[in-house]
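>>> sequence? don't have it. structure:
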């Protein structure tokens with residue numbers, strides 16, 4: 001469990017982002033409260049600053065998770081851009 005950026009507790013999500021201990025960040029706000037927006041912005045900005053892939057759309061996150069669970073590496077063929 002990671003704590004929010006505005007909490008003074010450890011482990012904190014920003015510590016994990018800065019240490020590049022996360023492979024991807026899925027950050028979707030649940031409401032428009034001041035604290036929620038602050039935490040969301042801080043997490044998103046940090047993910048981008050440290051080159052960690054970021055998903056901020058609920059439908060895209062859902063599709064990604066389904067695809068991630070459905071396919072394995074042997075099911076995916078690597079192609080060059082020219083083949084598309």
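On my side now, so go ahead. These numbers were taken from a predicted model, which means no experiment stands behind them. Numbering: from 1, shown residues only.
>>> make it CA atoms for all contacts and neighbour counts henceforth
OK.
>>> what about residue 43, distance to residue 76?
Distance from residue 43 to residue 76, counting by C-alpha to C-alpha, to the nearest Å: 31 Å.
>>> The two: which has the busier surroundings?
Set residue 43 next to residue 76 and count neighbours by other C-alpha atoms under 10 Å: residue 43 wins out with 21 against 8.
>>> distance of the more buried one from residue 1?
15 Å.
>>> quick one, helices of this structure?
According to DSSP state H, the chain carries its helices in the segments 13-18, 34-49, 58-70.
>>> Export those as JSON lines, with columns for mean pLDDT.
Putting the helices of the chain into JSON lines (pLDDT from 0 to 100) gives the following:
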{"stretch": "helix 13-18", "mean pLDDT": "96"}
{"stretch": "helix 34-49", "mean pLDDT": "96"}
{"stretch": "helix 58-70", "mean pLDDT": "94"}
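>>> okay if I get those helices as CSV plus distance to residue 26?
Converted to CSV, those look like this (distance: least, C-alpha to C-alpha, whole Å):
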stretch, distance to residue 26
helix 13-18, 12
helix 34-49, 9
helix 58-70, 7
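>>> among these, which is nearest residue 24?
Among the helices of the chain, helix 34-49 comes nearest to residue 24, with 8.2 Å by C-alpha to C-alpha.
>>> Would you indicate which residues of the closest one are buried?
For helix 34-49, burial by neighbour count (16 or more other C-alpha atoms under 10 Å) applies to 36, 39-40, 42-44, 46-47.
>>> bridging residues for the residue nearest the centre of the chain?
What sits nearest the mean C-alpha location of the chain, by C-alpha atoms, centre = their mean, is residue 25, with 1.1 Å. Using DSSP bridges, the bridge partners assigned to residue 25 are residue 54.
>>> Distance check, the residue nearest to residue 31 when sequence neighbours are not counted against residue 67.
Excluding the flanking residues, the one nearest residue 31 by C-alpha to C-alpha, 6 or more residues apart in numbering is residue 37, at 8.0 Å. Per C-alpha to C-alpha, residue 37 is found 29 Å from residue 67.
>>> any idea how far the nearest residue to residue 11 once chain neighbours are set aside lies from residue 12?
Spatial nearest neighbour of residue 11, excluding adjacent residues (C-alpha to C-alpha, 6+ apart): residue 2 at 5.4 Å. For residue 2, the distance to residue 12 (C-alpha to C-alpha) stands at 5 Å.
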